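# have a look; sequence and predicted model below, questions after that.
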Amino acid sequence: MGILNAFKVRMNTLAIVLIPVCIAIDWAGHAVASTLKLPLFLDSIGTVLGGLLAGPWVGGLAGLITNFISSGTVDPIAAPYSVISLAIGIAAGIAGYYGWHKTWPGRVALYILIVLVASIGSTPLNMGLYGGQSGLPFGDSLYAGMVKGGWPTWLASYIDEASGDIPDKLITVVVAIVIFFGLPNRYRALFSVWRRTGDEKAPAPAPSV
Amino acid sequence: MAGGLSLYQEGASLLHRAHPLTKGVLMLSAIALAFIAPSLYWILGIALILLILVIVAGVLRRLIAVALALLLPITVLLLAVQGFANPANHTVLFAIGPVVYYTEGLYIAAIASLRITCLVVATFLFSFTTRPADITEALMQRGLSPAMGYVVQSALQIIPQTLDMAVRIQDAQRSRGLETGGSLPKRARAYIPLMLPLVLSSLVATQERAMALEVRGFGLPVKRTNRYEFADNAIQRITRWALALAVPAAIVARFVGWR
């Protein structure tokens, strides 16, 4: 047992093919959010879904490469935050390994975990890149108010970042879980690539070479 | 290949002809040095060198178009927030009624936005002069797993297709009466009906793709031959090493008192 078991997966062809699809879902999630003019990024749905479906490697790599591609094409400032996307994918993968997405307390825990990973991880990057700001007008106005009020910058910076992550990751996790349970059963079984231990019933094996 | 997403612009400049790894090392070292450099003038120097390279590559006009849209809002936000609220603030620059703007915050904001400018310019310089296919090809020749090369290449192709499909699904759902305008809760409710069909259809396509790849020997544990060789020479190799070694050297210099 142990958390490291989540990383013991067979990266078969299906799991590898899933990564670019998750990357495309990340992009589409952001694109649909901007066409609907929603004030959120929603650019990690594929990362979370990939983690839930096929484990920490698929989720982590999907997040990492999503950020690499967007930094090479539309937004170079996304590059330092690839580490955060990697961590979000791995966190979702570990949560998926333990089946958190199947129960209500688990779902809440998954949401809190991802908000914590995103906000705690981004704060030092924001401190280094933007002098503590998050680059979003709403959070930054909070930041200016708190620093003016004598709060320590790291705390103001954390609240600035979290004010964006709390709504953003809520929708991300909800959509990822809704999609997960909207998938036909046999697809979910196909992507379950890890070896389970204990008395848990193993899902149908994925076809491998 | 990857035409929809790539920023690559055909050209014959020195940078276009350089080995992809040389350009990659140049980008990473320039960014690292911009964040290690201690003062405004050093960072300004790095930004100027990058700008000269952009002009040499002949992509200045395109760079201005894409970089300004990114940098302008961030710079404004930085100048506004840091100038008014930074713990180091004590020298008053100007005051409008009760609102006071400080010199220290202005300096900190200028350094931060100039560093971000270096990051943006260095990355776009790389993207404008290097084909995405060449990057993964060059990395695979240096030991990147072919599976990872496939993931990046395939993502670059699938993203534009998926975005096209998103537009089609939006039209289809609208014709069925889905409201995509109006108040925020109304627009937010439209998100799931738009995403769900998109994700389901792209996930369902993966199984076929996996089988198609496997019958072509995707998973075989064999050594691959290179599709093509990139021109490389001693000057480029020396440049790469010099740029890569400049980063630890700069860190050491900061520790022994580079101000």
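Received the coordinates, thanks. Numbers count the residues shown, from 1 in each chain, chains lettered A, B, ... in the order given.

# next structured bit after the helix with the most length in chain A?
Ordering each helix of chain A by length in residues (DSSP state H) puts helix A:153-182 first. Note on helix A:153-182: by DSSP states H and E, the next helix or strand toward the C-terminus is helix A:185-191.

# report whether that following helix contacts chain B.
Yes. For helix A:185-191, a contact with chain B is found by Cβ under 8 Å from any Cβ of the partner chain, at A:187, A:190. C-beta coordinates here come from the backbone N, C-alpha and C atoms, glycine included.

# show me what that helix is packed against.
Using 3 or more Cβ pairs under 8 Å, 6 or more residues apart in numbering or on different chains; DSSP states H and E, the elements in contact with helix A:185-191 are helix A:13-35, helix A:45-54, helix B:191-215.

# can you check which of those gets nearest to B:Ala67?
helix A:13-35 (20.0 Å; Cβ to Cβ).

# for the least confident helix or strand in chain A by mean pLDDT, buried residues please.
Lowest on mean pLDDT, DSSP states H and E among the helices and strands of chain A sits helix A:185-191, with a mean of 77. Going by neighbour count (16 or more other Cβ atoms under 10 Å in any protein chain shown), the buried part of helix A:185-191 is A:188, A:190-191.

# same check, this time on stretch B:70-88
B:70-71, B:74-75, B:77-86.

# now tabulate those in CSV and tack on pLDDT.
Formatted as CSV, the buried residues of stretch B:70-88 follow (pLDDT from 0 to 100):
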residue, pLDDT
B:Leu70, 88
B:Leu71, 91
B:Ile74, 88
B:Thr75, 90
B:Leu77, 87
B:Leu78, 89
B:Leu79, 88
B:Ala80, 86
B:Val81, 86
B:Gln82, 87
B:Gly83, 84
B:Phe84, 83
B:Ala85, 81
B:Asn86, 81
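
# closest one of those residues to A:Ala15?
B:Leu70 (34.1 Å).

# how close does that closest one sit to B:Ala112?
Using Cβ to Cβ, to the nearest Å, we find B:Leu70 at a distance of 14 Å from B:Ala112.

# that older thread, what residues of the longest helix of chain A count as buried?
Neighbour count says helix A:153-182 has A:153, A:156-165, A:168-169, A:171-173, A:175-177, A:179-180 buried, by 16+ other Cβ under 10 Å.

# so which strand or helix has B:Leu26?
Going by DSSP H and E, B:Leu26 is part of helix B:20-36.

# can I get the CA coordinates of that helix in PDB?
Only the C-alpha atoms of helix B:20-36 are listed here, as PDB (Å, rounded to 0.1, in the frame of the first residue of the first chain):
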ATOM      1  CA  PRO B  20      16.700  23.900 -32.700                       C
ATOM      2  CA  LEU B  21      18.600  23.100 -29.500                       C
ATOM      3  CA  THR B  22      20.800  26.200 -29.900                       C
ATOM      4  CA  LYS B  23      17.600  28.300 -30.000                       C
ATOM      5  CA  GLY B  24      16.100  26.500 -27.100                       C
ATOM      6  CA  VAL B  25      19.200  27.000 -24.900                       C
ATOM      7  CA  LEU B  26      19.300  30.700 -26.000                       C
ATOM      8  CA  MET B  27      15.600  31.100 -24.900                       C
ATOM      9  CA  LEU B  28      16.000  29.300 -21.500                       C
ATOM     10  CA  SER B  29      19.300  31.100 -20.600                       C
ATOM     11  CA  ALA B  30      18.000  34.500 -21.600                       C
ATOM     12  CA  ILE B  31      15.000  34.000 -19.400                       C
ATOM     13  CA  ALA B  32      17.000  32.700 -16.500                       C
ATOM     14  CA  LEU B  33      19.600  35.500 -16.800                       C
ATOM     15  CA  ALA B  34      16.800  38.100 -16.900                       C
ATOM     16  CA  PHE B  35      15.500  36.800 -13.500                       C
ATOM     17  CA  ILE B  36      19.000  36.500 -12.000                       C
END
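
# residues touching it, excluding its own?
By Cβ atoms under 8 Å, 6 or more residues apart in numbering or on different chains, the list of residues contacting helix B:20-36 from outside reads A:128, B:15, B:43, B:46-47, B:49-50, B:53, B:114-115, B:118-119, B:122-123, B:125-126, B:129-130, B:134-135, B:137-139, B:142, B:230, B:236, B:239-240, B:243-244, B:246-247, B:250-251, B:254.

# only the buried residues of it, if you could.
Neighbour-count burial for helix B:20-36 flags B:20-36 (criterion: 16+ other Cβ under 10 Å).

# from the chain's centroid, how far away is that helix?
When distances are taken as Cα atoms, centre = their mean, to the nearest Å, helix B:20-36 is centred 12 Å away from the chain's centroid.

# pLDDT of that helix, averaged?
Helix B:20-36 shows a mean pLDDT of 93.

# what about stretch A:29-45, how long is it end to end?
Terminal residues of stretch A:29-45 lie 7 Å apart, using Cα to Cα, to the nearest Å.

# and it, anywhere near chain B?
Yes. Applying Cβ under 8 Å from any Cβ, one finds stretch A:29-45 touching chain B at A:29, A:31-33, A:35-39, A:42, A:45.

# contacts for the helix or strand of chain B with the lowest mean pLDDT next, please.
Lowest on mean pLDDT, DSSP H and E among the helices and strands of chain B sits strand B:92-96, with a mean of 81. Residues external to strand B:92-96 that are found in contact with it (Cβ under 8 Å, 6+ apart): B:83, B:100-103, B:106.
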